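>>> Sequence below, structure please.
(5 chains)
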Amino acid sequence: MLRFILNRLGQSVVLMLIVTMITFFLINLAPGGPTGAMRMEASPEERQAIIERLGLDQPVIVRYGQWLGDALQGDLGTSFNSSEPVIKRIFDRLPYTIELTVFTVIFSVTIGIIIGVISAIKRGRAQDHFINFSSVIGLSVPSFWLGLMFILLFSVELKWLPASGVGPRGEAFDLVTYLKHIIMPVIILSMTILPNIVRFTRSSMLEVISQNYIRTIRAKGAKEFIVLYIHALRNALIPVITVIGVLIPRLLSGAVITETIFGWTGIGSLIIEAANSRDYPLVMGITVVITLVVVLSNLVVDLVYSKVDPRVKNLA
Amino acid sequence: METPANIETAPEVEPVQQRKVTFWTSLHRNKIAMLAFWFLIVLHVIVFIGPLVWSYTPTEMTTTGPLANWSWAHPFGTDDLGRDVFARMLHGGRITLLVGLAAMLFSLLIGTIIGACAGFFGKVVESILMRVTEAMMAIPNFFFVLVALTVLGTSPMMVIIVIACSGWMEVARVVYGETLKWKEYEFVEAANAAGAKPLRILIKYIIPQVLPSIIVSGTLMIAWAILTESAISYLGLGIQPPTPTWGNMLQNAQQYLWTAPVLGILPGAAITLIVLAYNFLGDGLRDALDPKFVKK
Amino acid sequence: MKTKRWLFLIMLVVTIGMIAACGSNDGDGGEQAEQPSGETGTSEPTQGGSVSIPIVADPTFNPWHPSAYAESNVINRVIFDGLTKFGKDGLPAPNLAENWEISDDGLVWTFNLRDDVNWHDGEPFTAEDVAFTFNEIVLDPDLGANNASHFSQLDRVEVIDDYTVDFHLASPVAALPAYLSFNTEIIPEHIFAGEDPWDLTSFNKENPVGTGPFKLKEYVSGQRVVLERNDDYFDQVAYLDEIEYKVLADANTHVAQLLSGELDIFALDDTSAIERIENADDITIVGRETPRFFWLILNHNHEEFQDKRLSQAMLHAIDRQAIIDTVLQGYGTIADAGIAPILSEYYTTDVKRYDFDQDKARELLAELGYEDSNGDGFVEKDGERLTITFDVGIQGDLESIAQMIQQYLIQVGIDVQLETMDWNSMIDKVVIQRDYEMTLNWWRYPADPDLTAYMHSNSADGNNIPAFSNEELDKLLEAGAQANSVEERQQIYLEAQQVMAEELPYMFLWYPQEVQVRQSSLQGIPDLAFGDALYYTNEWYIEQ
Amino acid sequence: MLSEDKRQQEPLVEVKHLKKYFEVKESGGVKRKKKVIKAVNDVSLTIYQGETLGLVGESGCGKSTLGRNILRLQEPTDGEVIFHDQDILTYNKKQLRQIRNKMQIIYQDPFGSLNPRFTIGQSISEMFKIHGLYTPKEREERTKELLELVGLDPNRYHSYPHEFSGGQRQRVGIARALALNPEFIVADEPVSALDVSVQSQIINLLMKLKKDFGLTLLFIAHGLNVVRHISDRVGVMYLGKLVEISETDNIFDSPAHPYTAALLSTVPDPNPEKRRERIVLEGEVPSPASPPSGCSFRTRCPLATERCKQVVPELQEVRSGHFVSCHYPLAKGQTLLDAIKEKQTSKV
Amino acid sequence: MAKILEVKNLVTGYRGKDGFIKAVDGVSFDIEKGETVCIVGESGSGKSVTSMSIMRLVEYENGQILDGEIIFNGEDLTTKNAEQMRKIRGSKVSMIFQEPLTALNPVFTVGKQISESILFHQKMTKQEALIKAEELLSLVGLSEPKTRLKQYPHELSGGMRQRVMIAMALATNPELLIADEPTTALDVTIEAQILELLRKLREQNDMSIMLITHDIGVAVEMSHRIIIMYAGKVMEISETSDIIRKPYHPYTKALLESVPTMDGERGTELKSIKGSIPSLNQLPKGCRFAPRCPLATEQCHSQEPPLVAKDNRQVACWHVDKFINQADTEQGREGDYVE
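Numbering: from 1, shown residues only, chains lettered A, B, ... in the order given. This is a model prediction of the structure:
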């Protein structure tokens, strides 16, 4: 088990190295500079002072070396924009994104599986067609557009839900208010993965239903309920787990938009700020952390998978 | 007794019905996919011919003034700067579709080459290419697009390249998987046994088998590229005005959601419809190719 | 739109008439553009309540920090104090400095400081703090502090006694008190001494110590900043319990939350939603003058753009009023020179004006030799089309304005190629590289008519982005900076404005008004732009 | 008699100590442990000019792998394959391509062995194209001749594989293998996927072509009856090893290896008159990833002793032309049942 | 002997795009208590569909019994509702399938799957069911049954899996065991083991076996009677010994002769049947074997021969008499030679 995890993490290091190289050279070779040095009124001397202060007068390759050296020691540098450690800035925001995505995953997986199973069982009937059609629509509607419409309807017209923000935290935390804040972002973010889960569950279920062992179970005289919900579903859900792993990067992509629409101050809105203000250390830091999140969540998915599917050798 | 020759020349009782139902007949049976197909044809014709016919240009400020309502002269009214929305929809559609098509073609090209080479040549080539693919997949593509466009600028060409560069991995994986699968087929080995060179095997034996999957990926890619373009436009990072695209029209319109909702509804609906059509077509093609297709 | 403007004017007249007649306000929301709601509120100010203000990003609690932008300014000017502040009459008013005097040669300014000011941590405020702020931070070239360029003529600040400082200048700067009121807050020496002022995150990001009417209570990155009343404030203690700044990046959200009552006051950047807000019951919209002007420039480093007639032709070609009406919803005044109406002492319309007259524009172009000889709709000279690349950064309304300008210029035959780019790239290309032909932007400046930084030929590698050079204007600007009395300066700047309008260092477009929106229950707001009203948060209160 | 003749025949292919090891990653993908599977484990055999050598064994015994490695369609791990006095394992890729026309392969799966996007004409004439033979017109003519030769209507030149039945497709596969006039053909279970009623057609065709063209055939199959029918000599494989090889009649009438004997006894035969004494082997074939020590068959062998556990038996000639790798080969005429009884009595 | 199963004029179809495709078209036969009956046929002959129809499993796979009766122990299964049928399946009639890997649920242990099939039909605790399962596993000859119970199908070899399948089928002492090509996917040596096991179990448990196979050799070794099917029709039903000695149908004969035997002359041309098996949606008119039959006449091409009794067997051929006579006089001549 431990060896497997270490092994996977080892592979991830290589992967992360490629990712950081791509990102670092991409952002550093582009025109423009950190916003601090890019104020319109700043004099050339002021600009120079800031550039030197930030060490941007050195060649890119040297800076990458330095960055990598620091990063390997766990130091992701200091944000240009706020002079705070990048780690702090990210961890200020990351919980919100995790909160949002975890809720979304829970919501999408539960709802998605239920709908997908219904669709598969009612194959070819009206319910199935409706679900199929809806999920393609779900895939096709731009989520930002839908988000705006939601705000327009539920916040502006009906005034049921707050248009944005994460709601009060700490002492002022209040569950009802919190749920009111999170419900629209979760639904909108779900639109980016829910249709996939529905479609995948459906096809997985259909695939399983056509398997020989389902015939065997029927031949043994099992009730149809047991056939579908004990035997078929159990098998059908195994591939769904891997799909969740695949969908995580997509979910994080969707989070950028969702967080922007709903003022959900997570990592998604931070990357926009970081990219816009050319906060190189912050961009790099977010890239590293996000990639790590993806890698780790895939690892978790694999571990879960190996627990659920006996065909995968149990991790000793 | 019959001679061997006339036994075999005598018509066989049957040619085994091996999925003789081809691609097109199967697609034809899928009503939604066909509807989507024709809708797309019509839409593309309108969008590519329309601007040649329609009298207004998308950037000129008409004398009608801003935010005018529906009229014969301006079937969709005018926008905040008094420009003809119909003309903008036509031109915007053209750009949007071009971006979608070009990004799709470009990412298919990258994805196919990388996937096919990794799958076919194996070994070091495979390791390197698939590691890069995995690395790219681990970056949520929107993060990549966002950072890349922020720093590289937003000319249409750049938008196309960046979208393509962020989306080829899925294609590469599909092609890689398919290549691995087909590589094991005996007809490929037979070609090898006949002494065919690797490149010939790849191009004549493997790529043609993978092509249907590529086509399916292609249709779904367009849908994805259009959505991505409009999403980055929503964040103000897409193709910039004055060039209209449905995405930046929508972005511009969100300020007017309350006062002139039609400005937002039109491009939003257009994007949704076209993405929907491409998705339905892609699904149809996929089902036509393999009724038991499970992935995605 | 036309009718709307008429309605607006009628309303304005009626409202002013009513105020004049009864001296009271019926509290009707909507378009009470110049209605001085603050002073004439019907109720007495009461203690308590909280106000919500949107900011678009996380702030830095240090006014000099290179990363402190607009979102920080609106907080810092509440937490901290400058020597002066923006007066309700538009002139610099006393703040930490009770009064000031200038030496005859104009090179030494003496400020007498209040002796009853304590920092939020209880330490007394003294002249050392002032000297430290300027000598160690503003004047340190390695730090690149914000707005340091305003003090390029400052040699040093000398402590005379605990409550007196002298500012020693290299050359006279009449605008010094105005500069000192513009994001120039004093920070505590007892905390910063010996520290790297930019890396001191315990102050800059966590626990700022100021002298202002409110002090920091809570800061949650990406969420909000909550300030609480400073009961030890040297001036009148504030009525409000708290001011909450919400971090909300999206302008649409600001509007939505304003409408839902979650936000109380801010300056509306995006005027397109104004109609919607007008329809709401409890929201007041007011237009406020600000020391800002929008401009279009041609790069004077390019020889073909140096002839003023080209600029004049362009100004004639552009229907500025139409743009104001369309994009700014009418909240703006056509600009003739750089000095905005808010500087009422100096503002004048008695200069050369450029009406929307495209025939005139074509004439001027023809004078320059640009004529449409091949009938393609574009003008040529020596067979070469007049093609101008138009670089615009993406910010606020600039894109929309640029698109309209492009269309107007195309109408007179100038082939304008609009290139929009993100702000950062624009700064790099236009401001740093000076690699542009035409661009569009605005200046916001301290409340003083001294525009040396923007137009003087000495500033050509600074904020004189068009690289304009005119000896006459240079001389006038120098004289204005050295003149000591308002009367003297009025005369000089009148003349300067005439030169500006004639020579067009910038193609002046308009002076935008700030569209201030707020809940009608919020009272005590002085008739100032939102940013300036923040100097008076101690006077704000919620009507019960 | 027959064996004497064979002896004097020219060897066409000589396989010496051929080994093919696969490294396999454990399935499941989570815990990757590499295992070495010895699919072909030190096999030596000779194929004489003009003969049909049958190769039998249960699934996973390495017979197909052996066939492919002889043709170098897979790269053998070790060993020699002498073809026309040259070790083709030392050939570079170009040389290899050039001798491809002399050695060909026929596949089991008539569905998978034809490019679904080529017409059958293209599939066959592709062979000429690859070697740059003939003009396009000649190619078509030659292809049509080949189609006729294998009993297909040449007019179906432009038909696609899916338009044919399994048997017909197998004929196309045979035509393709014949196109370049090979000397040596590996037929890898060519009839296993076919229905019985079609199977015999293909067997007949193969026998006829072999005779007409003087081909040398390595016929791989698991159907013992088919192998017996078509082969001149037969080799038996078990777990990557060649355990017995001899003339067909020797193998079938008096098998020397206990495995062969047991195998033969269990074949269901519709001929009720010749019911043999059935010996059902116990257990299953061990995984080639962890073969037993000593003789690989010992775990299931009714005759196995301690010696079998310790010593790997070598392939040795027990009778003229009859090679067996067993410590206790059956004598001529001795049945396995006899041997078992003998063993039991000797123990007692 | 009493008849345990009687199939009368069974017609089963699968839904195609233009209505039903009849995979089994008017099949009648019976099985007696304690008897092993083999259905032999090539692909597409309808032998599997017949078994699936008896189990009424076709309905779950896009098929339907269109006509006929399936009388099991005197009750017509075609009239049973789903719940009644469920109670019969796996308790009185059990079935084992061809691919033992895919026929077992990969995510449940062997123990769970066997005990489950007991619990579907008998009231007992899970513990008791597991004990019973263990007994069953040793009954089918699996070593270490206790360990096996906790294993998953993929951890077993092909032969072991098939034994598990058999154990599962035997869980409730069925009266009839339907084995659908139980050894096709297995190697010869394992096939022999499984066949041996089936034989043993039939004797021990006194059940009837309906064995479906394409290998006539297996059929001969295992069965009392053989049913020869071709393209959805029964061609011939006969005692095994009779059919081997003397087939009454040209197809049976051809089938027997096209297989090389273990003791025949080697290297000779095999007798073979020309052409190939018709697909179900392109069936010839008349006798389905007619296009490949050397005896076919005009009548064969136009009219379908009924299955008629003849000398203690049943044959569907217009020319039985002629065929028998011919066969008597000269062995093999009428066989059709291809190349």
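
>>> got the residues of the stretch 151-300 of chain E near chain B?
Taking Cβ under 8 Å from any Cβ of the partner chain, the part of the stretch 151-300 of chain E that reaches chain B is made up of E:274, E:275, E:276, E:277, E:278, E:279, E:281, E:282, E:284, E:291, E:292, E:294. (C-beta placed from N, C-alpha, C; glycine too.)

>>> Which pair of these spans the longest distance?
E:281 and E:294 (25.7 Å; Cβ to Cβ).

>>> more crowded one of the two?
Using other Cβ atoms under 10 Å in any protein chain shown as the criterion, residue E:281 and residue E:294 rank with residue E:294 on top: 16 against 12.

>>> Would you quantify the distance from that one to chain A?
Between residue E:294 and chain A the distance, using Cβ to the nearest Cβ, to the nearest Å, works out to 39 Å.

>>> Over to residue E:301?
38 Å.

>>> pLDDT of the host helix or strand of that residue, averaged?
In this structure, residue E:301 sits in helix E:298-302 according to DSSP states H and E. Taken as a whole, helix E:298-302 carries a mean pLDDT of 89.

>>> roughly how far is that helix from the heart of the chain?
29 Å (Cα atoms, centre = their mean, to the nearest Å).

>>> Kindly report the same for stretch C:153-161.
Between the centre of stretch C:153-161 and the centre of its chain there are 27 Å (Cα atoms, centre = their mean).

>>> Report whether the expected contact of residue B:89 with residue B:269 is present.
No: look at residue B:89 against residue B:269 with Cβ atoms under 8 Å: they stay out of range, at 10.2 Å.

>>> Chain D versus residue A:197, what's the distance?
Applying Cβ to the nearest Cβ, the value for residue A:197 to chain D is 22 Å.

>>> Report the secondary structure state of that residue.
Here residue A:197 is helix, with the state taken from DSSP: H, G, I helix; E, B strand; the rest coil.

>>> contacting residues for the closest residue to it other than its chain neighbours?
Leaving aside its sequence neighbours, residue A:197 sits nearest to residue A:112 (Cβ to Cβ, 6 or more residues apart in numbering or on different chains; 3.1 Å). Going by Cβ atoms under 8 Å, 6 or more residues apart in numbering or on different chains, residue A:112 touches A:193, A:194, A:196, A:197, A:198, A:201.

>>> and with 6 Å instead?
When contacts are counted by Cβ atoms under 6 Å, 6 or more residues apart in numbering or on different chains, residue A:112 is found next to A:194, A:197, A:198.

>>> Distance of it relative to residue C:131?
For residue A:112, the distance to residue C:131 under the criterion Cβ to Cβ, to the nearest Å works out to 65 Å.

>>> For the residue of chain B at minimum distance from chain D, give me its contacts.
Among the residues of chain B, residue B:195 lies nearest to chain D; the distance is 3.2 Å by Cβ to the nearest Cβ. Applying Cβ under 6 Å, 6+ apart to residue B:195 gives the contacts D:97, D:100, D:130.

>>> For residue C:512, give me the backbone phi and psi.
Dihedral pair for residue C:512: phi -80, psi 150, per degrees, to the nearest 10.

>>> per-residue confidence for it?
Confidence for residue C:512, expressed as pLDDT, is 90.

>>> wouldn't it be in contact with residue C:333 here?
No: using Cβ atoms under 6 Å, residue C:512 is not in contact with residue C:333; the gap is 8.3 Å.

>>> Look at the two and report which has more neighbours.
Neighbours per residue (other Cβ under 10 Å) separate residue C:512 from residue C:333, with residue C:512 holding more: 26 against 21.

>>> Cool, thanks, talk later.
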